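**Student:** 3D, please:
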Amino acid sequence: MRIEDYALIGDTRGAGLVSRTGSIDWLCVPRFDSGACFAALLGSKDHGRWLIAPAGDVLCVRRSYQGETLVLETVFETRTGSVALIDCMHLDPASDDVRVVRVIEGRSGRVPMHTELIVRFDYGSIVPWVTRQPEGLSFVAGPDTLRLHSDVPLRGRGLHSIGEFELTEGTRVGFVLSYHGTHRESVPKVAAHAAIEQTRRNWQRWSERSRYSGKYDSAVQRSLVVLKALTYGPTGGIVAAPTTSLPERVRGARNWDYRFCWIRDASITLYALMLAGYVDEARAWREWLLRAVAGSPWQLQAIYGIAGERRLGELVLPWLPGYQNTPPVRIGNAAYTQLQLDVFGELMDAMHQCRASALENTTGWALELALLEVLAQRWSEPDEGIWEVRGPRRHFTHSKVMAWVAFDRAVKAIEQHGRQGPLEQFRALRDRIHREVCEHGFSREKQSFVHWFGGDEIDASLLRIPLVGFLPIDDPRVAGTIAAVERELLLDDCYVLRYRTDPQLDGLPEGEGAFLACSFWLVSAYVMQGRHAEATRLFERLLSLRNDVGLLAEEYEPRSGRMLGNFPQAFSHLALVDAAQSLSESERAALENRACRDSVCRATRYVAS
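**Tutor:** Take a look at the predicted model:
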């Protein structure tokens, strides 16, 4: 399966990926640190999957989500008839239990069906003990238990659980796979069809709360649903993606675990949630931020676990061959130990947005002041930067720009919102950092800002210079930077690379796909430049990259036409929302200006007559 051949199901407690063939090949439950996954999109079928599909040849597959939900419907057309497979994770606000629910319905004719469940805990390494239970099976190994309730009798064959059945028009069978810790009592049984209906209603009600209105509201709402699904309900933390080690290049080594929460996503996440009117989710994310970074400000991290865990040690799993034989497979992320100065700016910008939208209370300001005190001493140090390079530390231009953002937002907190703090010190630091960036981060030869001080490489994160207000869009240095990104990082006039990979820079082999978030940043930059037609064309080409159910991975490889990286990727969907809003605001402003001009013209004609 290609990465884009998968669809997401989730319940804010866990997440799974369902392929076009009817196979669930990856399922994560909340205990990320223990590796409580019964299957993996990382190797052969023996590492775990759950297939429900027609037993014969399939002529056609159509799939879609039912409305603005995460209830997935896959229709299989065969020579003898058609069936619909309906999948979800049970979304029940009254329960913390994790259940995968699958119902298969006969739509026409007569279709022989096959199901196969292979349970392997701990990333495919542990074969569980299986026992037969009333109406199903139990799978137990150490701390983890899965319980299957099935309308179809199953039998064992070679450590697989299999079953055959037949569907005719109007018939239906259901399956419910529940996870719980072995020390707990069994999860209560639910009726499969009723659970799907409840899930569909709850997702639809949530989507109907959205206040977003714009030309691309369908794409935006799908992205917001993805963002909600990547939220861990009990804590409010939002993971970057539900997967690990999906490669940024097939046969490459850039395979990372993204099942953690990045501070870097904070400001754009808050913006997206507030934009759509999801105040409760925005407040929960803000509270997660404050809890996660609480403690010594010298120990601020770029990445935390879903409950704010700090120790995210990285391990390689040698028994898994990797997606399409692309090792290594990693769990954990060593970037948590890095110095990434830009996160100070991202955090302060997020808190600034909270103040602007009346989400903030004064309890967070003391922590912000403590973080600013640390940044005042560290902003001039080299760091690993936004792209978390695994080579030597450098004075990355984007990191310094975001340090400027931190002090700029502190100045605004004092001037605009009445917070108490050393205003003149913050102003002086803001001005000093600005001078340093303009002097050392700008190449007169290239007429562009560059990746690091004194270098000559271009970095797509520099597109954020006007977006965060460091310089106005009409500054020649900004125009030169956008032109340099177009000249050096733009593929096929559409797809933006993060930077030109270099083993000396990041300690890894060369090569990766175009980074979709950066491509959406270019849309926003075009809008600010008044290049509305180009922005629209680029945005709609990027929208066309979404798979058939509206999902985006981290990267895209134009030559092969394939998605790359972890999937679905919150950063890509957040950047989509941001770009869509930029386009909508620009379009509304153009209409208002046109209406104003028409009004003036009408008044002029009236006076003249």
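**Student:** roughly how far apart are R487 and G511?
**Tutor:** 20 Å (CB to CB, to the nearest Å). To be clear about C-beta, it is placed using only N, CA and C from the backbone, and glycine gets the same treatment.
**Student:** who's more crowded, the two?
**Tutor:** G511 (15 against 11; other CB atoms under 10 Å).
**Student:** can I assume the more buried one sits in a helix?
**Tutor:** No. Counting by DSSP: H, G, I helix; E, B strand; the rest coil, G511 falls outside a helix, being coil.
**Student:** residues near the closest residue to it other than its chain neighbours, how many?
**Tutor:** Leaving aside its sequence neighbours, G511 sits nearest to R249 (CB to CB, 6 or more residues apart in numbering; 4.7 Å). Using other CB under 10 Å, R249 is surrounded by 20 other residues.
**Student:** quick one: R249 and V29, what's the gap?
**Tutor:** For R249 relative to V29 (CB to CB), the value is 29 Å.
**Student:** then I3?
**Tutor:** Separation of I3 from V29 (CB to CB) stands at 22 Å.
**Student:** and if you look at Q447?
**Tutor:** When Q447 is compared with V29 (using CB to CB), they lie 52 Å apart.
**Student:** these two: which has the busier surroundings?
**Tutor:** V29 (22 against 14).
**Student:** is it true that that one touches Y179?
**Tutor:** Yes. V29 sits in contact with Y179 when judged by CB atoms under 8 Å, with a separation of 4.8 Å.
**Student:** okay, domains of this protein per the record?
**Tutor:** Per automatic domain parsing, the structural domains of the chain span 3-207, 209-595.
**Student:** got these as TSV, with mean pLDDT columns?
**Tutor:** Shown next, in TSV, are the domains of the chain (pLDDT from 0 to 100):
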stretch	mean pLDDT
domain 3-207	89
domain 209-595	93
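**Student:** where do the strands sit along the stretch 301-450 of the chain?
**Tutor:** 303-304, 315-316, 330-331, 442-443, 448-449 (DSSP state E, counting those that start in this stretch).
**Student:** could you dump the ones you listed into TSV with mean neighbour count added?
**Tutor:** Below are the strands of the stretch 301-450 of the chain laid out as TSV (neighbours: other CB atoms under 10 Å):
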stretch	mean neighbour count
strand 303-304	23
strand 315-316	14
strand 330-331	20
strand 442-443	19
strand 448-449	26
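**Student:** as CSV, these with distance to A406 would be great.
**Tutor:** Shown next, in CSV, are the strands of the stretch 301-450 of the chain (distance: least, CB to CB, whole Å):
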stretch, distance to A406
strand 303-304, 18
strand 315-316, 33
strand 330-331, 31
strand 442-443, 21
strand 448-449, 18
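**Student:** right, and the ones you listed - which one's nearest S108?
**Tutor:** strand 330-331 (44.3 Å; CB to CB).
**Student:** packing partners for that closest one?
**Tutor:** In terms of contacts (3 or more CB pairs under 8 Å, 6 or more residues apart in numbering; DSSP states H and E), strand 330-331 is packed against strand 315-316.
**Student:** off-centre distance for the strand it packs on?
**Tutor:** 22 Å (CA atoms, centre = their mean, to the nearest Å).
**Student:** and what of stretch 276-292?
**Tutor:** 16 Å.
**Student:** dump the residue contacts of the residue nearest to G511.
**Tutor:** By CB atoms under 8 Å, 6 or more residues apart in numbering, the contact set of R249 is T326, G511, E512, G513, E557, L564.
**Student:** isn't L347 up against L371?
**Tutor:** Yes. In this structure, L347 is within contact of L371 by CB under 8 Å, at 6.8 Å.
**Student:** what sits in contact with each of those two?
**Tutor:** V293, L300, A406.
**Student:** with distance to P143 and neighbour count added, can I get those in CSV?
**Tutor:** Below are the shared contacts of L347 and L371 laid out as CSV (distance: CB to CB, whole Å; neighbours: other CB atoms under 10 Å):
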residue, distance to P143, neighbour count
V293, 30, 23
L300, 32, 21
A406, 41, 29
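**Student:** nearest to R13, of these?
**Tutor:** R13 lies nearest to V293 out of the shared contacts of L347 and L371, by CB to CB, at 24.1 Å.
**Student:** grab the nearest non-local neighbour of the closest one.
**Tutor:** V293 sits nearest to L300 (CB to CB, 6+ apart), 5.7 Å away.
**Student:** from D342, how far out is the one you found?
**Tutor:** 11 Å.
**Student:** so where do the strands sit in the stretch 1-150 of the chain?
**Tutor:** Using DSSP E, counting those that start in this stretch, the strands of the stretch 1-150 of the chain run over residues 6-10, 15-19, 23-28, 37-39, 49-54, 58-65, 72-78, 81-89, 98-118, 129-133, 136-141, 144-150.
**Student:** among those strands, which comes closest to S223?
**Tutor:** When the strands of the stretch 1-150 of the chain are compared (using CB to CB), the closest one is strand 6-10, at 11.7 Å.
**Student:** could you give the angle of the closest one to strand 23-28?
**Tutor:** Between the axes of strand 6-10 and strand 23-28, defined by axes from the mean of the first three to the mean of the last three CA atoms, to 10 degrees, the angle is 50 degrees.
**Student:** note down every partner strand of strand 6-10 and its orientation.
**Tutor:** Strand pairing for strand 6-10, determined by DSSP bridges: strand 15-19 (antiparallel).
**Student:** what lies in contact with the strand it pairs with?
**Tutor:** By CB under 8 Å, 6+ apart, the residues outside strand 15-19 that reach it are 1, 5-10, 24-28, 41, 72, 74, 87, 89, 100, 229-230, 242-243, 567.
**Student:** any quick ChimeraX command for the buried ones out of those?
**Tutor:** Applied in ChimeraX, the following selects the buried portion of the contacts of strand 15-19 according to 16 or more other CB atoms under 10 Å:
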select :5,6,7,8,9,10,24,25,26,27,28,41,72,74,87,89,100,229,230,242,243,567
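**Student:** tell me, how many residues neighbour K189?
**Tutor:** K189: 14 neighbours (other CB under 10 Å).
**Student:** pretty sure it sits in a strand.
**Tutor:** No. Counting by three-state DSSP, K189 falls outside a strand, being coil.
**Student:** next up, the contacts around it.
**Tutor:** E135, H149, V176.
**Student:** out of the residues you listed, who's the most crowded?
**Tutor:** Going by other CB under 10 Å, V176 tops those with 24 neighbours.
**Student:** apart from its chain neighbours, what residue comes closest to R311?
**Tutor:** Nearest to R311 is Y336, by CB to CB, 6+ apart, at 7.6 Å.
**Student:** I should have written Y526 there, sorry.
**Tutor:** A535 (3.7 Å).
**Student:** check T182 too.
**Tutor:** T145 (4.8 Å).
**Student:** what's near enough to touch the one you found?
**Tutor:** T145 touches S138, F139, Y179, H180, G181, T182, R184, counting by CB under 8 Å, 6+ apart.
**Student:** do you know the pLDDT at S609?
**Tutor:** Looking at S609, its pLDDT reads 34.
**Student:** now for R200, how many residues are close by?
**Tutor:** By other CB under 10 Å, the residues close to R200 number 19.
**Student:** returning to that earlier point: dump the shared contacts of L347 and L371 into JSON lines; add distance to Y65 as well.
**Tutor:** As requested, the shared contacts of L347 and L371 are exported to JSON lines (distance: CB to CB, whole Å):
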{"residue": "V293", "distance to Y65": "35"}
{"residue": "L300", "distance to Y65": "38"}
{"residue": "A406", "distance to Y65": "39"}
